[in-house]
Every structure is written in structure tokens, then in C-alpha cells.
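1. Quick check, what structure comes out for this input:
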Amino acid sequence: MTSSRRDFIKKTTLAVAGGSLLSSSLFATSASKEILGLQLYCVRDEMKADPLGTLKELAKFGYQHVEHANYVNRKFYGWTAAEFKKILGDLGMTMPSGHTVMGKQHWDDTKKDFTDAWKYTVEDAAYMGQQFVISPWMDAKLRKDYDELLRQMEIFNKSGELCKKSGMKFGYHNHDFEFSEKLNDQTLYDIILSNTDPSLVMQQLDIGNLYNGGVKAIDIVQKYPGRFESLHVKDEIASKEGGHEKFESTILGTGIVPVKEIIDLCRKSGGTVHFIVEQESYQGKTPLQCMKEDYEIMKRWGY
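-> Purely as a prediction, here's the structure:
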């Protein structure tokens, strides 16, 4: 996770605010259900400058599935759900998951219900055919108070119930603080996984971000088998871009993360069906060059 990604998430959250039982089936995922996709944050600048041209390039590389990181005022990258679904469909692509930060503006504590802003988020995700509606951030205030965090986990479960009505799951995506920060002698990640219903709330494990939190993905997968229906497939090297973090992402298979070992384990016992490529730093190459290389590596590995 780069500092620019953190800034992007925070800015997106503000923009949205201003605009409005473990199942055994988790262990029985078949290859036919697996999805190799791309998180569009990888090509954020390209999606801003020429979103249609960028999607066309990704489709040429072979990507058939994308995960969004831009939903503002009921639009994906400036398009309505109907427009974006048609664009993706014309390119032979789908969007089985997406990132929208669940913030304070999405829950009305007086009514004990979600606001229209979150209900629209879920509605538009269902229209797009998403399987997962994923929140990729947690406000710092929630990470300071154990009882507040537990209340937020209740809201996560309620979001799972809302998503279930449309055949989807709510999900959470980690960064690094979930592993380095503790409350009541437990890591935030342990609290999250212990207090969310896996039949309603899935976990998208970013296998690179957690390195900055001082842990290794393979240990987390072994600790919580079957809990990771989606992965952000990412490799890491020592940071070269002058960021505030020790590690930054790089081409798959060239860094310190045993990527293939982890994704093979997740395929076997992690419950994983979505393998979503994410690379946020490029070491002198263009983002599109990196996406092409990452795709070819994943295919060579059998995904």
C-alpha cells in the first residue's frame, strides 16, 4: 500500500460523503468459479485520462474481469451503472467486485439503518453483477476504541445481510494497520475476523499490504483457513519511490513475497475464488506494461 493509495481512499471517501457459521462450501471452490481480475486502481491515472481506451488495452492483454475503485455520485469512473455495464460487456468484461469505503455517512445511528447512499451502493453493485461489495478502509477513530470497533463489526454484519438480499456479500480489504495496531491485546484483524459472520462478510486479503504491518500472508491464511474468498495478488520490494512505507508493490514474482506459494495455498484451503492483481508502484515502467506482465505471469502460474 502506497501513501498515494491511502490519500486516494480518503479523498474518495470525502467525495462520496459530500455527494450524498463457516460454510464448508468455502473449501470446495472449483476452478470453474475462479476469477482472475485486475484492480483498476493499478491504472488510476490512465482511467482518469482515457478510461475507455485503458479498458480496451486491458481487454487486449486478456483481462476479462475488473474491480473498481471509483464510485462517486452513483457513477463508476463518470459512467452510470447502465453505461459502465454496457461498456464492459462490449469488451467481453465483467466487474465481479468493487471498492467503496463504508463511512459514517452510510449509517444512520438514530434509525439503526443504512442511509440511501449505502443502499444505492449496494443496488448499483447488484446491477453490475458484483459478487462482493468491499470496503477497503477503516476510519482511524474506529481503531482507537474497542467497543466502537465491535459496533462497527455489527454494522458490517448488517451490511452483509443487506447485500445477501441481492445475492452478494459485503467484504473488507486489509492494509497494514490491522496487523500492527491492537485493542484489548488483540490485533484489529483478529477482532474483525472474530466478530464478523463469514456467511455474510468475506475478507479480501491483500497479500502485499500486510508486509508493512509486520506479518506474512501465508501465516494469516494458515491461521484463518477458508476465510479469504478474494485476494489482492501483490508482490513487494523495499520502497524506492520515497514513500512513508518500508515496502512498495512490484511485478509479480520479482519481490520478497512468495506469491505463487500463497495463491496456491489459498486455492487449496483459503476458500479463494477471486484472484485480483494489484500493483501500485512501477519502478520506471508504465502501469499498462506492468499489468501486461502481471497477467502473463498469472497465466503461466495456471490462473
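2. Can you tell me, leaving aside adjacent residues, what's nearest to residue 57?
-> residue 288 (5.7 Å; C-beta to C-beta, 6 or more residues apart in numbering). Every C-beta, even on glycine, is put in place using the N, C-alpha and C of the backbone.
3. Tell me how far the helix or strand hosting that neighbour lies from the chain's centre.
-> Using DSSP states H and E, residue 288 falls within helix 287-300. Mean-position distance between helix 287-300 and its chain equals 19 Å (C-alpha atoms, centre = their mean, to the nearest Å).
4. As CSV, could you dump the C-alpha coordinates of that helix?
-> C-alpha atoms of helix 287-300 as CSV (Å, rounded to 0.1, in the frame of the first residue of the first chain):
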residue,chain,number,x,y,z
PRO,A,287,1.4,0.9,-15.4
LEU,A,288,0.0,-0.8,-18.5
GLN,A,289,3.3,-2.5,-19.2
CYS,A,290,3.2,-3.8,-15.7
MET,A,291,-0.4,-5.0,-16.0
LYS,A,292,0.5,-7.0,-19.1
GLU,A,293,3.5,-8.6,-17.4
ASP,A,294,1.5,-9.4,-14.3
TYR,A,295,-1.3,-11.0,-16.4
GLU,A,296,1.2,-13.2,-18.3
ILE,A,297,2.8,-14.3,-15.1
MET,A,298,-0.5,-15.3,-13.6
LYS,A,299,-1.5,-17.3,-16.7
ARG,A,300,1.9,-19.0,-16.6
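5. which residues of the stretch 151-300 of the chain fall in helices?
-> Under the criterion DSSP state H, counting those that start in this stretch, helices of the stretch 151-300 of the chain are mapped to 177-180, 188-194, 217-223, 259-265, 287-300.
6. what helices or strands is the third one leaning on?
-> Read it as helix 217-223. Secondary-structure packing of helix 217-223 (3 or more C-beta pairs under 8 Å, 6 or more residues apart in numbering; DSSP states H and E): strand 201-206, helix 259-265.
7. Geometric centre of this protein: which residue is closest?
-> With distances taken as C-alpha atoms, centre = their mean, residue 173 lies nearest the centre of the chain, 4.8 Å away.
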